[in-house]
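>>> Sequence first, predicted model second:
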4 protein chains.
Amino acid sequence: MSLDVATIRETLKAVEKNKSTLMIGFNRRFDPNFAEVESRIRKGEIGTIEMVTVISRDPSPPPADYVKGSGGIFRDMMIHDFDMARFLMGEEFVVVNALGAALVDKAIGEAGDADTAAVQMQTKSGKIAVITNSRRATYGYDQRMEVHGSKGMIHAKNVHNTTVEVLSGAGYRADPIQNFFLERYGVAYANELNSFIGAVESGKRDPKPSGFDGLQAQILADAATESWKTGKPVKV
Amino acid sequence: MSLDVATIRETLKAVEKNKSTLMIGFNRRFDPNFAEVESRIRKGEIGTIEMVTVISRDPSPPPADYVKGSGGIFRDMMIHDFDMARFLMGEEFVVVNALGAALVDKAIGEAGDADTAAVQMQTKSGKIAVITNSRRATYGYDQRMEVHGSKGMIHAKNVHNTTVEVLSGAGYRADPIQNFFLERYGVAYANELNSFIGAVESGKRDPKPSGFDGLQAQILADAATESWKTGKPVKV
Amino acid sequence: MSLDVATIRETLKAVEKNKSTLMIGFNRRFDPNFAEVESRIRKGEIGTIEMVTVISRDPSPPPADYVKGSGGIFRDMMIHDFDMARFLMGEEFVVVNALGAALVDKAIGEAGDADTAAVQMQTKSGKIAVITNSRRATYGYDQRMEVHGSKGMIHAKNVHNTTVEVLSGAGYRADPIQNFFLERYGVAYANELNSFIGAVESGKRDPKPSGFDGLQAQILADAATESWKTGKPVKV
Amino acid sequence: MSLDVATIRETLKAVEKNKSTLMIGFNRRFDPNFAEVESRIRKGEIGTIEMVTVISRDPSPPPADYVKGSGGIFRDMMIHDFDMARFLMGEEFVVVNALGAALVDKAIGEAGDADTAAVQMQTKSGKIAVITNSRRATYGYDQRMEVHGSKGMIHAKNVHNTTVEVLSGAGYRADPIQNFFLERYGVAYANELNSFIGAVESGKRDPKPSGFDGLQAQILADAATESWKTGKPVKV
């Protein structure tokens, strides 16, 4: 909605006042794999959640100019992972620790941003989330998650281009994974649009992901940015 | 086209005479996974082909009444696998050996058909194809193939509903595979239709799979049926 | 025991008369993976067996001279797969169909043998086994099996050298599988020896695999050789 | 060597003075899978390292009494992961952030320890390591790592009891992974002993993992413990 939390809060008030329908474009919630993970967690298939891990790596970095206006890696990229961590955990985080560095492209570092980052967060009840990001993954768009609970673990693996595998003296070689978000989240975008249209048509006021979800993710992204810059944990 | 080879031959002559566009609905050639396998074989990725294996299992048997008019398992089901074996092998088969039995549903046996079958075929140059079929697979629509060549092996695995896996004391459990042809070959049907429309629009006379491909598959299906009934290899 | 069935029968009579302990060296029955498959089948985990597939490929062919005295591919190599098919199926086969060709090494063909072969067999009750062999597999020692039953499928996959996988633009590359029988069946040989020593120490007369198992496998190997040479099914 | 760094330093001096042979029992470096990962990293197979992830989960927690004398989860369990992170990264870490909670067993919390923990560390050059630990994994002894570099990713997967997989309407179920360290690291222990005996026999003074490796891991474990207790990053 905005890179500024105060602006977001005002927007949410306006939405409330005008009784508008607002849905935030966290497309990954609509990915059939991740939606299935969340659905099974809520059904209790792995018991009480203890830890959530979210891995997100882009195939290649944006131009350094881009990150100057994007708010940086925690706001333009990891924002999706903050939402995913909240979505899967089902609890709010109260502390955020971030590490980052420009290991992929020096120019990104000179522009004041990191291209490699790790965040760990904890909820009030002690549950832990770990997020790792990189602006580079030579093997494609790395989008994984795993959730550990008292009764087991559930995870979603990457999506390969095909089910083809070639066996030779070099080993077993499975086809590359899908390269970037247009391929990887094609179905998710369609599901998301349908969900939004359904909400508008039925007059549902607060479809998920809600404005509040957008606000919370932005607060975590701000906290991570501050933690990275100060080298200290940030309470939220 | 027909369960009768003579009728097919006449049809092909009529198509030729009328300069019509005919394409046979062997949808599996348009599956992105199988198309990729064939494409890499033709590029020589695994060297000279030596053996092709095609596995095809339906989730559950049709009513016994159906098989009375369908021509039987070799003609209504394995026909697709005969085409796939030809498609991958790139050579014609000269001998067909078939085994079959009604192990899933006695009524299918009483209707004169098998519900479980294996066929092995050989080309003039000695290359071998093995096809196995069953009318039942409790785990979904089993559609696999593997091709062995002088430089390696290439295979296509089944398509799972999601990439989700659950880990517990019982082991690692990956989601079931797609249940039947509507889900499994949704993309293949779309590709097939586009290919046919493209052929019609561009005036291409003999798109693949051609009428000849249909004829050859039917000849193999007839040979397998005869081999199963007589207990003898059939030359084609 | 011998490449001659009559000699084997005499040997078995001598063993019986002398109350000797005889165990046949079908080492694969002692592989922990295959033993586990058989054990679960016997417990009914996949219901009534309908089809067994055994895949066995050596990494590279023996010298053509070797096959002159070995009895040929069906007797020196596929013999293990005949035993495995009997072991998993738990029923005797009554008909054997074989195809073969020398596709890997012409000299093997000139020596009167095949280096690529497929066999399909059927039990009296109609159950089917399919075996495929090759003297060459560039990707290592291919030792797989799958068993289909009324309640599901159970299979054993190849054993990789390590669990290491490398991800790059070329895809996901898992380490090669174990190269040949010394690595692949190291544990099986140890288990086999322990089993034999245990039988001798305890005075058990007929440990498994028994002399009868050896005889039956040899009969199937002879039948396959005859079927390959005559181009006809052989009843056993 | 000791839970006290000062004592370790004195021990190392004594070893130096007496020209003794000292090797530290970080058995995991001798696991064939992890040794292969490290070897390929050093050969440059994935380029310059950017991030290391180490996952370690025990099947079930020790009695709460144990942790009172063990030094806690960071010293008795994660110590191995600190060593693994150093081993794979090939650089020293300069900052340590830790989160922890007693989510598995309240009594562990009452004894002053955590049973669920996450640590992130950074080297001077900015490279990042992430370690996650739990005292419980219903699915067995979870021992994984992944290393991301400029040219790709390399990881080692868990070791299953067998290669057996069962397919049914519930999905594909692979056998459980090895349950705990005796099974999982049997080969590693043998390799480790051989390596130590070889060092003693050849008079090699400083075999790997060295006393210095032991010291460094202990320093990281102390730092993590402090970070967890104070809620602040600790520089080392």
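Now that the structure is in, tell me what you want to look at.

>>> all strands for chain A, in order.
Counting by DSSP state E, chain A has these strands, from start to end: A:49-57, A:93-101, A:116-123, A:128-134, A:142-149, A:152-156, A:164-168, A:171-174, A:234-235.

>>> State the distance from the residue minimising distance to the centre of chain A to B:G90.
With the centre of chain A defined as its mean C-alpha position, the nearest residue by CA atoms, centre = their mean is A:D81, 1.8 Å away. According to CB to CB, to the nearest Å, A:D81 and B:G90 sit 47 Å apart. The C-beta positions use only the backbone N, C-alpha and C, and glycine is treated the same way.

>>> ditto for A:E110
The spacing between A:E110 and B:G90, counted by CB to CB, is 55 Å.

>>> Neighbour count for the two, which is higher?
Ranked by neighbour count (other CB atoms under 10 Å in any protein chain shown), A:E110 and B:G90 place B:G90 first, with 13 against 10.

>>> related to what we said a few turns ago, among the strands of chain A, which comes closest to C:R9?
Evaluated over the strands of chain A, closeness to C:R9 peaks at strand A:164-168, with 41.5 Å, by CB to CB.

>>> I'd like to know if the closest one reaches chain D anywhere along the stretch.
No - under the criterion of CB under 8 Å from any CB of the partner chain, chain D is not reached by strand A:164-168; the shortest gap measures 15.1 Å.

>>> Next, the angle from that strand to strand B:142-149.
30 degrees (axes from the mean of the first three to the mean of the last three CA atoms, to 10 degrees).

>>> just the helices in chain A please.
With DSSP state H as the definition, chain A shows helices at residue ranges A:5-18, A:32-42, A:64-70, A:73-76, A:79-89, A:106-110, A:181-184, A:186-202, A:211-230.

>>> sorry, back to before: closest to D:V236 out of the strands of chain A?
When the strands of chain A are ranked by distance to D:V236, counting by CB to CB, first place goes to strand A:93-101 at 14.2 Å.

>>> which parts of the closest one are buried?
A:F93, A:V95, A:V96, A:N97, A:A98, A:L99, A:G100, A:A101 (16 or more other CB atoms under 10 Å in any protein chain shown).

>>> which residues does the fourth one contact?
Read that as A:N97. For A:N97, the residues meeting the contact criterion (CB atoms under 8 Å, 6 or more residues apart in numbering or on different chains) are A:V119, A:Q120, A:M121, A:S227, A:P233, A:V234, D:N97, D:L99, D:Q120, D:P233.

>>> and stretch A:16-30, what's its mean pLDDT?
Averaged over stretch A:16-30, pLDDT sits at 94.

>>> low-scoring pLDDT stretches of chain A, where are they?
Low-confidence segments of chain A (pLDDT under 70): none present.

>>> Around chain D, pick out the residues from it.
Residues of chain A that fall close to chain D, judged by CB under 8 Å from any CB: A:48, A:50-51, A:53, A:57, A:95, A:97, A:99, A:101-104, A:116-118, A:120-122, A:125-128, A:130, A:132, A:134, A:136-139, A:142, A:148, A:150-153, A:231-233.

>>> And those residues, which of them are buried?
Neighbour-count burial within those applies to A:50-51, A:53, A:57, A:95, A:97, A:99, A:101-104, A:116-118, A:120-122, A:126-128, A:130, A:132, A:134, A:136-139, A:142, A:148, A:151-153, A:233; the criterion is 16+ other CB under 10 Å.

>>> Next up, the contacts around the nearest residue to A:Y172 once chain neighbours are set aside.
On the basis of CB to CB, 6 or more residues apart in numbering or on different chains, the spatially nearest residue to A:Y172 that is not a chain neighbour turns out to be C:A174, at 4.3 Å. The contact partners of C:A174, taken as CB under 8 Å, 6+ apart, are A:G171, A:Y172, A:R173, A:A174, C:H160, C:V164, C:E165.

>>> Which of those residues sits closest to D:P62?
The closest of those to D:P62 turns out to be C:V164 (CB to CB; 30.3 Å).

>>> what residues does chain A put near chain C?
Residues of chain A lying close to chain C (CB under 8 Å from any CB) are A:138-140, A:160, A:167-177.

>>> Neighbours of the nearest residue to A:T225 once chain neighbours are set aside, how many?
With CB to CB, 6+ apart as the measure, A:F74 is the residue that lies nearest to A:T225, at 4.7 Å, once sequence neighbours are left out. In terms of burial, A:F74 registers 28 neighbours under the definition other CB under 10 Å.

>>> Pull the contacting residues for A:F74.
For A:F74, the contact set (CB under 8 Å, 6+ apart) comprises A:A98, A:G100, A:A117, A:V119, A:A221, A:D222, A:A224, A:T225, A:W228.

>>> let's see 6 Å
Under the criterion of CB atoms under 6 Å, 6 or more residues apart in numbering or on different chains, the neighbours of A:F74 are A:A221, A:A224, A:T225.

>>> Need the residues you listed in CSV (columns: neighbour count and distance to D:D31).
Rendered in CSV, the data for the contacts of A:F74 read as follows (neighbours: other CB atoms under 10 Å in any protein chain shown; distance: CB to CB, whole Å):
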residue, neighbour count, distance to D:D31
A:A221, 28, 38
A:A224, 31, 34
A:T225, 24, 38
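
>>> Could you measure from A:R136 over to C:R57?
Here the distance between A:R136 and C:R57 works out to 39 Å (CB to CB).

>>> same thing with A:Y189?
With the distance defined as CB to CB, A:Y189 ends up 44 Å from C:R57.

>>> And for A:Q216?
56 Å.

>>> Find the residue closest to the residue in chain A sticking out farthest from the centre in space, skipping its chain neighbours.
Here the centre of chain A is the reference, and by CA atoms, centre = their mean the most remote residue is A:G169, at 38.1 Å. Distance criterion CB to CB, 6+ apart; nearest residue to A:G169, sequence neighbours excluded, is C:T138 at 5.2 Å.

>>> Could I get the phi/psi values of the one you found?
Here the main-chain torsion angles of C:T138 (degrees, to the nearest 10) amount to phi -60, psi -20.

>>> need the contact list for it.
Applying CB under 6 Å, 6+ apart to C:T138 gives the contacts A:S168, A:G169, B:K151, B:G152.

>>> let's see it at 8 Å
The contact partners of C:T138, taken as CB under 8 Å, 6+ apart, are A:L167, A:S168, A:G169, B:S150, B:K151, B:G152, B:M153, C:P59.

>>> residues from chain A in reach of chain B?
Counting by CB under 8 Å from any CB, the residues of chain A that sit close to chain B are A:32-33, A:36-37, A:40, A:45-46, A:151-159, A:162-169, A:175.

>>> Count the neighbours of A:K17 for me.
One way to gauge burial is a neighbour count; for A:K17, by other CB under 10 Å, it gives 8.

>>> what does A:G203 give?
8.

>>> So A:M23 sits against A:S210, correct?
Yes - using CB atoms under 8 Å, A:M23 and A:S210 qualify as a contacting pair, with a distance of 7.3 Å.

>>> Looking at the two now, which is surrounded by more residues?
Ranked by neighbour count (other CB under 10 Å), A:M23 and A:S210 place A:M23 first, with 20 against 17.

>>> so how far is A:E10 from that one?
Applying CB to CB, the value for A:M23 to A:E10 is 18 Å.

>>> quick one: contacts for the residue nearest to the centre of chain A?
Shown here is A:D81, whose contacts under the criterion CB under 8 Å, 6+ apart are A:V54, A:S56, A:V119, A:I131, A:N133.

>>> Could you identify which of these has the most neighbours?
The member of the contacts of A:D81 that has the most neighbours, counting by other CB under 10 Å, is A:V119 with 30 neighbours.

>>> still on that earlier bit, for A:A199, state which of the contacts of C:T138 is nearest.
Using CB to CB, A:L167 comes nearest to A:A199 of the contacts of C:T138, at 48.0 Å.

>>> roughly how far apart are the closest one and C:A174?
Computed as CB to CB, the A:L167 to C:A174 distance reads 9 Å.

>>> where do the contact lists of those two overlap?
A:R173.
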